[in-house]
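Asker: Pasted the sequence and its predicted model underneath.
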Amino acid sequence: MKKLLFFMLGTCVLLLNGMAQKTSVPDLSMALKPGEKVPDITLNNLLNYKENTAKLSDFEGKLVILDFFATWCTSCVGALPHLDALQKQRNDVKILVVTSEPKEKVKAFFERNKLLKGLELTLVTEDTTCKQFFPHQLIPHEVWISGNRVLKAVTEAEYVTADKINEALAGKEISWVMKDDFFTFDHSKPLKPLLDKVTAAPGKSFYSGFTGYIHGPGFLKEGLITDSAAQTTRFYILNAPVLNMYYKAFKEERLGFLKSPAHRALLVKDTLQYLYDPAIHKYKREWQKKYAFCYESAWPIGTPEAVMREKLKHDIDHYFGLEGNIRNTSTGLKQFVLKETMISSKR
């Protein structure tokens, strides 16, 4: 019998801050995948358009971006001025803001919201069709459709930029991180077959190891799985940058070194692989895909979690050729210090 416990780190924060909002689980039977032809969908109850209805074929030859939003989603609303500015700069792109909310409610919301005054984006309201072909659980949700109605990509909002629009229009092969709210990742299956350079106890089922980014489970997840039949407990972390892994290893210290520069000292050559900098890495998901790792260790049932986290710290040091420790500064401030060493099992 297996017991599964996992935590989606940061999800509650995202929800509370409005950076991503959950919708109800839809039917997936009509869902389209990148590369598939998109039907000539009829778009009804339009705002900021010459007619009340339109078809996708009306925008033939243009890149169409469907931006799924809701009036209650603060990040969706906050992104609309940016989308409007992009639309006003381009004649080869049509951005359609899509919502299932009533037309009059949406119209009234735009009229009273100062941030949205003067926006000319076309809105599709009372939608029941688009969401069937492009189902989702989190918004904003961006759907990219080529001028000949082929689904090119499904992304998060950060991808809707002039650079990415140019890439899509240029016909380049798209290697972006696709948004998939329904990818099923089986947390009950061990990561061991995927791990690189597994450290295992001779003759026993206890091990630990790392692998790179894995598509599907999302980012910054961790959990414990107990298998009573095998008498083991697995501890895993999924798609987390190295600094986040150290943060989990030093969980009991309760140091906010991920957010507070005063509580960290990164004495390494390249800090950019440890800390996301939006001024340098424009697309966070691409940075995470490059610099995120997965970790798993297996233990006898009953092993204290503190022991697992101590082993995690040791494994990070050894695998990445690093040394992470907590020190007290001369001012009495506790600080996480990261140094590079000459030894790495990864390199």
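Answerer: Nice, thanks for sending it over.
Asker: I figured I174 hits A168, correct?
Answerer: Yes. Between I174 and A168 there is a contact under CB atoms under 8 Å: 7.0 Å. Where C-beta positions appear, they are placed from N, C-alpha and C, glycine not excepted.
Asker: Output the contacting helices and strands for the helix or strand hosting L243.
Answerer: Using DSSP states H and E, L243 maps to helix 242-249. Secondary structure elements in contact with helix 242-249, counted by 3 or more CB pairs under 8 Å, 6 or more residues apart in numbering; DSSP states H and E, are strand 232-241, strand 292-300, helix 305-320, strand 322-328, strand 334-340.
Asker: ok so, going back, overlap in contacts of I174 and A168?
Answerer: With contacts defined as CB atoms under 8 Å, 6 or more residues apart in numbering, the residues shared by I174 and A168 are 152-153.
Asker: Neighbour count for those two, which is higher?
Answerer: Applying other CB atoms under 10 Å to I174 and A168 shows that A168 carries more neighbours, namely 21 against 15.
Asker: List the buried residues of the helix or strand hosting the more buried one.
Answerer: A168 belongs to helix 162-169 when elements are defined using DSSP H and E. Neighbour-count burial for helix 162-169 flags 164-165, 167-169 (criterion: 16 or more other CB atoms under 10 Å).
Asker: Mind picking the one among those that's closest to I280?
Answerer: K164 (16.9 Å; CB to CB).
Asker: Please name the nearest non-neighbouring residue to the closest one.
Answerer: Ranked by CB to CB, 6 or more residues apart in numbering and with sequence neighbours excluded, the top spatial neighbour of K164 is W176, at 7.3 Å.
Asker: Give the helix, strand or coil label for that neighbour.
Answerer: The assignment at W176 comes out as coil when based on DSSP: H, G, I helix; E, B strand; the rest coil.
Asker: Might one say that it is in contact with E156?
Answerer: No. Using CB under 8 Å, W176 makes no contact with E156, being 9.4 Å away.
Asker: Can you check which residues contact both of those two?
Answerer: R285.
Asker: Hmm, M308 is touching F235, no?
Answerer: Yes. Counting by CB under 8 Å, a contact exists between M308 and F235, whose distance comes to 4.6 Å.
Asker: out of the two, which sits in the more crowded spot?
Answerer: For M308 versus F235, neighbours defined as other CB under 10 Å are more numerous around F235 (22 against 19).
Asker: Show me what the more buried one is bridged to.
Answerer: The bridge-partner assignment for F235, based on DSSP bridges, gives L224, S297.
Asker: Next, format the helices and strands packed on helix 242-249 as JSON lines and append distance to E252.
Answerer: Formatted as JSON lines, the entries for the helices and strands packed on helix 242-249 read as follows, by distance: least, CB to CB, whole Å:
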{"stretch": "strand 232-241", "distance to E252": "15"}
{"stretch": "strand 292-300", "distance to E252": "17"}
{"stretch": "helix 305-320", "distance to E252": "7"}
{"stretch": "strand 322-328", "distance to E252": "10"}
{"stretch": "strand 334-340", "distance to E252": "12"}
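Asker: Can you say which of the ones you listed is nearest to H215?
Answerer: In terms of CB to CB, the element of these nearest to H215 is strand 232-241, at 9.1 Å.
Asker: any idea how far the closest one is from the chain center?
Answerer: Centre-to-centre, strand 232-241 and its host chain are 17 Å apart (CA atoms, centre = their mean, to the nearest Å).
Asker: hmm, back to that, after the helix holding A168 comes which helix or strand?
Answerer: Using DSSP H and E, the helix or strand that follows helix 162-169 towards the C-terminus is strand 196-200.
Asker: Provide the strand pairings for that following strand, with the direction of each partner.
Answerer: When sheet partners are counted by DSSP bridges, strand 196-200 sits next to strand 207-212 (antiparallel).
Asker: which of the residues in the strand it pairs with are buried?
Answerer: 207-211.
Asker: Give me the angle between that strand and strand 232-241.
Answerer: Interaxial angle, strand 207-212 versus strand 232-241 (axes from the mean of the first three to the mean of the last three CA atoms, to 10 degrees): 30 degrees.
Asker: State the distance from the closest residue to Y283 other than its chain neighbours to Q288.
Answerer: Nearest residue to Y283, sequence neighbours excluded (CB to CB, 6+ apart): E158, at 5.7 Å. Going from E158 to Q288 by CB to CB, to the nearest Å gives 11 Å.
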